[in-house]
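[1] no sequence for this one, just the structure:
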């Protein structure tokens, strides 16, 4: 389990690079994740932020909640803009037009802007080997525009474009595995994270920023509005996602898999599903189907850990 001693939390940067006062919904775990990522990366960071919840809630003209250089970009091209900024700044440093210093280039987008609309630009940036970090804040739907399904929406979830009905019981495809897609590019670092485990998240972001080359971090970001659960359950929902195996926390460092939070025996998925309104229509057969899939994928992940660690 994640360390909980007070000293460990004191090591987290006290400065705020994503300031309070934004307009995110109550209990928004994505806003908490963004805040933690900002603390992990520090001041010398340039952010390319795709259109989405975080862009809307943090930059209402003429105000901003960002205390670092921040660029609003189109839905699909956060990775392209961040990689272009990285290449351009390094060229200026080589020519002596800017002083040489370590700058972290951060691309950030939601699951729609990552696994759907932005996957082409992301794949290209990873393939080219740009020295930047890409963070996907995954709230499992297009929340900003009305809770429409994305390819990251889990099987069985009800959204405005995959409503639960008598014939089609919500989302009928399985969640796209973006961390594995990123890892398939053979980049130096890939990780999953969740703000319910803040120390694990901060350490992974720092590690991603330290590596030479691309890093991809996929953060589960509980959305009380879209998931239809009370705001005070956001952190609990994130922990249940991990404890049930629905969203395991792991990293892939130069091809080597490692479970960073191992909760031991998995809790039943019903513990996670039952607190969310988007799953309230599921019958026992569908829940059993989800349970089987979760166990199979979790065992597959553990096999990768064992194989790559040489145990």
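    Received it, and whenever you're ready, just let me know what you need. Since this is a predicted model, take the numbers as computed values, not measurements.

[2] quickly find the element holding the closest residue to residue 215 other than its chain neighbours.
    Of all residues beyond its chain neighbours, the one nearest residue 215 is residue 208 (3.3 Å), with distances taken as C-beta to C-beta, 6 or more residues apart in numbering. Placement of C-beta: from N, CA and C, glycine included. Assigned by DSSP states H and E, residue 208 falls within helix 198-210.

[3] would you confirm that residue 72 contacts residue 59?
    Yes - under the criterion of C-beta atoms under 8 Å, residue 72 makes contact with residue 59 at 6.4 Å.

[4] in this structure the residue nearest to residue 215 contacts residue 191, no?
    Yes - between residue 208 and residue 191 there is a contact at 6.7 Å, judged by C-beta under 8 Å.

[5] what sits in contact with each of the two?
    Any residue near both residue 208 and residue 191 by C-beta atoms under 8 Å, 6 or more residues apart in numbering counts here, and that gives 215-217.

[6] inside helices: which ones of these?
    Of the shared contacts of residue 208 and residue 191, none are assigned to helices by DSSP state H.

[7] which among these end up buried?
    Taking 16 or more other C-beta atoms under 10 Å as the criterion, what is buried in the shared contacts of residue 208 and residue 191 is 215-217.

[8] of those, closest to residue 243?
    Lowest distance from residue 243 to these (C-beta to C-beta) belongs to residue 217, with 20.4 Å.

[9] partner residues bridging the residue positioned nearest the centre of the chain?
    Among the residues of the chain, the one closest to the centroid is residue 219, at 2.1 Å (C-alpha atoms, centre = their mean). Beta-bridge pairing of residue 219 under DSSP bridges involves residue 137, residue 193.

[10] average pLDDT across the helix or strand containing residue 36?
    Using DSSP H and E, residue 36 sits within helix 29-41. For helix 29-41, the mean pLDDT works out to 98.

[11] what packs against it?
    Under the contact definition 3 or more C-beta pairs under 8 Å, 6 or more residues apart in numbering; DSSP states H and E, helix 29-41 sits against helix 53-58, strand 104-110, strand 133-138, helix 198-210, strand 215-220, helix 234-243.

[12] mind putting those in JSON lines, distance to residue 155 and mean pLDDT included?
    Converted to JSON lines, these look like this (distance: least, C-beta to C-beta, whole Å; pLDDT from 0 to 100):
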{"stretch": "helix 53-58", "distance to residue 155": "23", "mean pLDDT": "96"}
{"stretch": "strand 104-110", "distance to residue 155": "19", "mean pLDDT": "98"}
{"stretch": "strand 133-138", "distance to residue 155": "15", "mean pLDDT": "98"}
{"stretch": "helix 198-210", "distance to residue 155": "25", "mean pLDDT": "97"}
{"stretch": "strand 215-220", "distance to residue 155": "16", "mean pLDDT": "98"}
{"stretch": "helix 234-243", "distance to residue 155": "14", "mean pLDDT": "98"}
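
[13] now the helices for the stretch 1-150 of the chain?
    With DSSP state H, counting those that start in this stretch as the criterion, the stretch 1-150 of the chain has helices at 6-10, 29-41, 53-58, 78-94, 111, 119-128.

[14] quick one: closest of these to residue 264.
    Among the helices of the stretch 1-150 of the chain, helix 6-10 comes nearest to residue 264, with 21.2 Å by C-beta to C-beta.

[15] where along the stretch 201-311 of the chain do the helices fall?
    With DSSP H, counting those that start in this stretch as the definition, the stretch 201-311 of the chain shows helices at residue ranges 224-227, 234-243, 270-273, 284-309.
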